[in-house]
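In: Prediction below, plus the sequence it came from.
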Amino acid sequence: MSWSEESLQRADDILARYPEKRSAVMPLLYVAMREDGYLTDDGMRQVAELTGVTPAQVQSTASFYNMYKREPVGKYLVSMCTSISCFLMGADDVLHAIEDEAGIPAGEADDEIGVEHAECIGACGGAPACLVNYELIEGLTPDKAKELVAWLRSAKPDVINADEMQALFGGKTSFDWGIREERGAVGPFPAFGPFGTADVNTDALEPGRST
Amino acid sequence: MIVEALTRRMNAHPTDSHTMERYLETGGYEAARGAITKTRDELVETVKESGVIGRGGAGFPAGLKWSFLAPARPAYLVVNGDESEPGTFKDRQLLERDPHAMVEGIIIAAVANEVHHAFVYIRGEYPKPARRVQQAVADAYAKGFLGKGIFGGDYDLDVTVHLGAGAYICGEETALLNSLEGRRGEPRLKPPYFPAAKGLYMAPTIVNNVETISNLPYIFGEGVDWYKGLGHEVDTGTFLMSISGHVNKPGNYEVVHGITWRELIYGVAGGIRDGKELKAWVPGGASAPWFVPEEHLDLPITKDETGKQGSMLGSGAVIVMDEDTDMVAAAERLVRFFAEESCGQCTPCREGTTWLDLILQRVLHGGGREQDIDLLMDVSDNISVGLGWPPKQTTICPLGPSAVSATLSLVKHFRHEVEEHIGRGTPVTISGVSS
Amino acid sequence: MVTITIDGTEVQVPAGELLIKAAEDSGTYIPRFCWHRRMNPVGMCRMCLVEVEGPRGIMLTPSCTMPVNDGMVVHTKSPTVEKAQEGVLEFLLLNHPLDCPVCDKGGECPLQDQTLSHGPGESRMVEEKRHYEKPIPISDLVLLDRERCILCARCVRFSEEISGDPLIEFMDRGNAAEVNTFPDEPFASYFSGNTVQICPVGALTASAYRFRARPWDLREVASVNPLTTTGDGVTVQASQNEVLRFLGVDNDATNHGWLDDRSRFGFEWIASPDRLATPLAKSGDGHTEVSWGEALGAAAENLSAVIEAHGPGAVAAIGGARGTNEDAYALASFMRSSVGSPNLDARLDDGLGTHLLSSLAGKGEIGDLETARTVLVWAADLKEEHPVLYLRVRRAAQELGATLITVHPTATGLADRATHTVTYRPGEGHDLLDRLRAGSGDLADVRAALDEGPVVAIVGRTGLAEDPALAEAVTAFARDLPQASVLPVVRRANTYGAIDMGVAPDLLPGRVAAGGDAGHTGWEKADTSVGLDTRGILEAAADGRVKALLLVGADPLRDVPDADLAARALDAVDVVISIDCFLTDSTAKADIVLPALGFTEKEGTVTNLEGRVMKVNRIVSGPGQARADWSIIDDLAARMGRPLGFESAEAISLAIAEHAPAYGGITWFLLDWKERDGVVAPRDGVEQPLQYIPTTSLRAVGSGGAKRGGFALHLGRLLYDDAVLTRQGASIADLAPGAYAVLNPTDADRIGANGHVEVDGHRLPLRRDASLAEGTVAVPFNQPDGPPLGGSSHVDVAPGAGA
Ligand SMILES: Cc1cc2nc3c(=O)[nH]c(=O)nc-3n(C[C@H](O)[C@H](O)[C@H](O)COP(=O)(O)O)c2cc1C
Ligand code: SF4
Ligand code: SF4
Ligand code: FES
Ligand code: FES
């Protein structure tokens, strides 16, 4: 159950950022997901070892949070917000469109795509909104959502980039997004430098360009 | 009505307001540079004078909070960027578009509270804001604004950016501290675990919201008088309000308190979409009891007035519902949120919120019974004993009692809609996922 | 004290105490599920809500998190309170399976009780309940039924706060929250059974007890845990003359209600089919059943013949620590007076000096840990040998903030809570002590901590191969530390009582030094000189000076570290008479075997490591014809023509109160009716007769022979081993891990060991532990199929063949 050198190095860097080792449990759980694609028992054991707590304590923490997936959720996790503001703006229909197009009911996944409903993702001004690997798309419609799923299946992007998806499938945003963000997510976990989960999306489209 | 303080830079520089270059070019880090030469007492006094209240939901005066910090050291500063209350998306904009304002605010707050290690806790679903903040922090280290001997002086300050992982309850400050310690994000008992006394690692800790902290560079940069001059005499400064739902122009707006709801909804947010009628709105996040036009539209938006009317401004999220809204469905969606996000410690919250949601779902799906309205009220009463406002705190944190707001508002203002659902006995289409 | 008003009545309660506790102690019981008086409050279940009048009106608040303050006015039964409690109960029952008729907890379940008194009649929830797979085993001993769980976190908190093995945790969140363990990582705690006891519902059940009885069928009696020396309070429950359950009792002085699993589940030996029920006499290679008359007659005849031929000194007795004080007093009287031999010892060459064990009694108590600033543990690994003391030390360090120092050849079970973990090579303890005394080098901090009193020092042999004189030296050092309490610890249950009763070569009953005036004993004639200890007896037996051995609940072949010496001794003697519950390796060699009653089958007193005398009680009758030790001994004495004239255990207890000076005034009546938590002997006003003088007679293992091998041997015990009472308890018999050898990784690599090693030619699985001092090999003592290694302080270690 050993991590790659790279991940172990990252773990060291993360541990160094906290006064107490146990504080590194959450970031390390993301590193564990990056290693295995989702959070495995071995991953939790490794985190336990690195932080000096028991695997049961790690699992207790991990299972408290929604984003540590202990089952595979595919390469692309589509989290559709169905909380109040998105609901008011038709989110349930969008979710159904996603489920239909993906052929996957919310809460399940195939090798490629996982679908779930999410509570408010902080994009209510651009409702209805969803996340793909935690990268945002605002102002969705059922049709655009279907296109999104189809695109994920066909384009199979290595790096999920919010600006690219927003340009292709999004609509109104909560606020002006400003300059295009280069980086994106390499799997169903948040793209954040210290976790090794963010990468530059080289073939992302410029905003405004469409397929 | 609309003012520009916190939003000035991002409005003026839509593409690059988040960069160090732009921040410095627009006067950035001067306030912090000045602050580090001051004493704790002076800094705390300035914040007290400014009257700035917390923007995280509870509206507690920031200066007062700082003055409560217990004397033991080390002390910690934690910026609450967990923003997860449905309807709220203001912190995301600040984090994404102006992260340096927060970093500068952190420096000021840290020095004022003798903190040498600050944390920014950002919800896990906000990787982009987190990346922007991480970049801003890295740039600040590179410039010597963070790290050893900041601004060439002898004050050391480290900042760690921490990502959450999907749990609304971590916005509650003591749950956030547990989370930051690598534990389950369960709120702690208060007393004895007030963060200012026993917070992170049981050390004295200041927890402030992103917006609260982002205000500091303006308070210290432009001066207390300027700051107080901006807004309402009691709720000083400007407020970022997130408006969503059935309005023509949803979004974040920087406003001063004291304007009326009518001005906000019909003026700032452009009125109800498609010319429909306004039916009700949630004035301050999912936890807040609803307002209805007949009673509340011309009331001023202030902390006190909203409180008097039995609701709250909370995190500044306004969710607007038009005449076509099925209020039972809306209430269910709000209750479901709390049922899903309850940490599960307290029996009434864990069991009660789920039960309320199940009842509402049943009513929506045509299985409502005569006695269900009373049952909803009684279950609510057992979660929030006495059903008063503000709720009696009969649970460890306010989440449990918050969960009954929607149900109570529903029965109070839209009882007939519930009765209609029950009377119809036939399912209306409520799409969505059952929990 | 402050005055508060509860439901209209003013009561005086300690300032700052939690309201729920203050109310209960002053007569008002507030219902609760999550609060437990030995754990920190969490305020989760919300059952204990009460109304408190305050400046801002009446607040509804949980009484388990609210400290009392003067003038507080509390309502525990107001309509609002009752409504809130009913609400909580209804919530808890929403998802509860209500399977009380098939639940082990039925009849003693707070949830069931509360529901009957406060609860709603019928469920108002028409929706589906939460469902989980029915009971899942979470350890070898405990089952978890998550449907019954009310998520009070008592079990979780116990494992984190009390026992320090957080293996059972909350998983998931909110309405989906459940208690569980990590996959493939069971709740393997030495203390798991406590969670069964404190679980307020039937969610955690003991596999040993499952479906065995209904609470209303049980009879119960208060007693003391027979398997440890801490004096843990227990309730023994039985049905139809069979002991079915041990429960911990909250004795404030000792166990705080906790028990280790060996003690809790180990009682199954009592009803073991292997129990001896009939006297046996040797015939050929085996034994045949005989009558008591035949057996005792033969035993008396044999002993008399030995006395006749070789003098009384040729008779020796080993054992007596498994019985009551009354049994021990009878044994001491028999040996010293009836036989006239000073050769008797309750220790099995694994103990400490008798003066150390006896004379310090009353000078230090377990309760001193509550106020200690510094705790020094230089003894066996407490987790393995003194589990409840281990919990108390953990508490001192974890909850009460004491500085904890452990000194041992390895890091111990306390390592995670120890401020200083000092390790050393066995044999170098005296040097270490010198350096510690001087505070030299890296021990400066440790030394400085020891200057911060009050200090509690727990002292014992860190392992069986260690020189017992080290503990004496450590004691001498520790006694001079500021406000020091010294607790000398040995493991075998009633060793302290037996020694106090004079089952020792150098003590007479009541902590009086042998060799001096014996007027107090009341014996007509007796040999009160200093005799041989167990090692001396075995050596004398091996070379023919001792001809008859009386084994009283002793199995020297397994219990004495030098098994080889024990074997030679047993082979050499003419007569072996054994009083025992089982046919052990040693008793199998006896000429006469006399079946004895065990704990729960007889009444009497025992003495714990503090010198606290406590009452044990009877709840079942023993197997077949088994009799109490004292009665067997009394009969034997009579048949030898040297009667003791004891009529009952209680009569012996009166003799003890009269003739054993340190036990003056300690009667059954006192213990049964007034001092339920026991009394430390000597009582107030009674003088401690014995002064502490370090013993020099005990010799280190292997001290006779040359250092054989290159590795110092650390021979420690584990909680679960191959001792007969463990082997005979079905639930715990398989928990002994078996023998293994531990090396420091550096040593292991140096000798090229991998997988296995050969320790003095015995092949053992290798474990690595960087905390073990280099040059040391650690092997647990008396494990199933373990090697006999106790004869030497040093051994050879070589890489295991084929590894
Ligand atoms: C259930 C719950 C959720 C909360 N969520 C947030 C949040 O997402 N962000 C936030 O800043 N404060 C949140 N708070 C408020 C915090 O507990 C805390 O009061 C705040 O962070 C303090 O910062 P302030 O004084 O600057 O407002 C929440 C409180 C509760 C009870
Ligand atoms: S009220 Fe709900 S969210 Fe808050 S601590 Fe209790 S169970 Fe957790
Ligand atoms: S298993 Fe028992 S002790 Fe543990 S949380 Fe559930 S009800 Fe409480
Ligand atoms: S409700 Fe969907 S993003 Fe807030
Ligand atoms: S006993 Fe007080 S909340 Fe559970």
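Out: Happy to help now that I have it. Ligands and ions are numbered 1, 2, ... in the order given.
In: so what's the closest residue to residue A:64 other than its chain neighbours up against?
Out: Nearest residue to residue A:64 in three dimensions, chain neighbours excluded: residue B:184, at 4.2 Å (Cβ to Cβ, 6 or more residues apart in numbering or on different chains). Heads up, the C-betas are built off the backbone N, CA and C, glycines and all. Contact analysis of residue B:184 by Cβ atoms under 8 Å, 6 or more residues apart in numbering or on different chains lists A:60, A:61, A:64, B:178, B:343, C:170, C:173.
In: Which strand or helix spans residue B:184?
Out: Taking DSSP states H and E as the criterion, no element holds residue B:184; it sits outside all helices and strands.
In: Quick check: phi and psi at it.
Out: The phi and psi torsions at residue B:184 (degrees, to the nearest 10) take the values phi -60, psi 140.
In: Ok, residue C:18 next?
Out: Geometry field for residue C:18 lists phi and psi as phi -70, psi 140, criterion degrees, to the nearest 10.
In: Verify the stated contact: it with residue C:61.
Out: No. With contacts defined as Cβ atoms under 8 Å, residue C:18 does not count as touching residue C:61, sitting 11.5 Å away.
In: leaving aside the residues next to it on the chain, what's closest to the residue of the stretch 1-150 of chain B found nearest chain C?
Out: Among the residues of the stretch 1-150 of chain B, residue B:84 lies closest to chain C, at 13.7 Å counting by Cβ to the nearest Cβ. Nearest non-adjacent residue to residue B:84, counting by Cβ to Cβ, 6+ apart: residue B:168, 4.0 Å away.
In: Kindly report the same for residue A:111.
Out: By the measure of Cβ to Cβ, 6+ apart, the closest residue to residue A:111 outside its immediate chain neighbours is residue A:74, 6.1 Å from it.
In: Can you report how many residues lie near the one you found?
Out: Under the neighbour criterion other Cβ atoms under 10 Å in any protein chain shown, residue A:74 is assigned a count of 23.
In: That one: what's it in contact with?
Out: Counting by Cβ under 8 Å, 6+ apart, residue A:74 makes contact with A:109, A:110, A:111, A:112, A:113, A:114, A:188.
In: what's the answer for residue B:192, then?
Out: Going by Cβ under 8 Å, 6+ apart, residue B:192 touches residue B:198.
In: does any part of the top helix by length along chain A sit near ligand 4?
Out: Here the longest helix in chain A is taken by residue count, with DSSP state H as the criterion, and it is helix A:142-155. No. Residues of helix A:142-155 contacting ligand 4 under Cβ under 6 Å from any ligand atom: none, with a closest distance of 13.7 Å.
In: any idea of the mean pLDDT in that helix?
Out: pLDDT averaged over helix A:142-155 equals 97, rounded to a whole number.
In: Based on its surroundings, how many neighbours for the residue of the stretch 51-200 of chain B found nearest ligand 2?
Out: Here the residue of the stretch 51-200 of chain B nearest ligand 2 is residue B:187; by Cβ to the nearest ligand atom that distance is 4.2 Å. Counted with other Cβ under 10 Å, the burial measure for residue B:187 works out to 23 neighbours.
In: hang on, isn't it packed against residue B:400?
Out: No. Taking Cβ under 8 Å as the definition, residue B:187 is not a contact partner of residue B:400, at 10.2 Å.
In: re the thing from before, pull the contacting residues for the residue nearest to residue B:84.
Out: If a contact means Cβ under 8 Å, 6+ apart, then residue B:168 has A:119, A:120, B:82, B:84, B:85, B:337, B:341 as its contacts.
In: now the first one, nearest residue through space, not along the chain?
Out: Setting aside the residues directly before and after it, residue A:119 is nearest to residue A:83 in space (Cβ to Cβ, 6+ apart), at 4.8 Å.
In: Kindly report the same for the last one.
Out: With Cβ to Cβ, 6+ apart as the measure, residue B:168 is the residue that lies nearest to residue B:341, at 3.9 Å, once sequence neighbours are left out.
In: Same check on residue B:197?
Out: Counting by Cβ to Cβ, 6+ apart, residue B:197 lies nearest to residue B:70, which is 4.7 Å off, once chain neighbours are set aside.
In: so which helix or strand takes in the one you found?
Out: Using DSSP H and E, residue B:70 maps to neither a helix nor a strand.
In: wait, it sits on residue B:196?
Out: Yes. Assessed by Cβ under 8 Å, residue B:70 is found in contact with residue B:196 at 6.2 Å.
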